[in-house]
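# Sequence and predicted structure, then a few things I'm wondering about:
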Amino acid sequence: TRGEKVTSGMSPSNNQSGPCLIVLAEWKSLVDSSGRPVGPQAAQRLITSAIRRNTPACLDSKIHHNNLLNNILAKIQANLAGADDALMLDMAGFVSETN
C-alpha cells in the first residue's frame, strides 16, 4: 500500500510512515471453470480474449499492482464462453499470458 497518509489523495508526499507490504501466500490446486479439480496434465479450454494485455510502456506487469482490470475482463469473457481461461495477446497481437 502507499502507507498511512495525513489526507486522501494520490500524492506520495501525503505518506507519513513509508509503504506497507502485504503478502498473501496460498496454495491452490488446479480447477476447471466449474471449480472441479483437474490433474496437472488435464487439457484446459481457452479462448483468445478481445481484451489486450497492458503494455509495459503504460503499466509494467512485473510490478504486482492492483490494476488488473483487463485480466478480470478477460476472465469474464472466458467464463461467459464456457472456457477455463482466456489467452491474452499484447498490443502487437503476440501471445502474452493466460491467468
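Perfect, thanks for sending it. Residues are numbered from 1 along each chain as shown.

# where's residue 32 relative to residue 16, distance?
As judged by Cβ to Cβ, to the nearest Å, residue 32 and residue 16 stand 46 Å apart. C-beta coordinates here come from the backbone N, C-alpha and C atoms, glycine included.

# Tell me which of those two has more neighbours.
When neighbours are counted by other Cβ atoms under 10 Å, residue 32 and residue 16 differ, and residue 32 comes out ahead with 15 against 9.

# so where's the chain shaky on pLDDT?
1-3, 5, 10, 61-62, 64-66 (pLDDT under 70).

# can you give me the strands for it?
Listed in chain order, the strands of the chain (DSSP state E) span 46-48, 85-89, 95-98.

# Mind listing the strands the longest one pairs with, and their directions?
So the one you mean is strand 85-89. strand 46-48 (parallel), strand 95-98 (antiparallel) (DSSP bridges).

# Please produce a markdown table containing the ones you listed, extended by distance to residue 85 and mean neighbour count.
Formatted as a markdown table, the strands paired with strand 85-89 follow (distance: least, Cβ to Cβ, whole Å; neighbours: other Cβ atoms under 10 Å):
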| stretch | distance to residue 85 | mean neighbour count |
| --- | --- | --- |
| strand 46-48 | 6 | 16 |
| strand 95-98 | 5 | 15 |
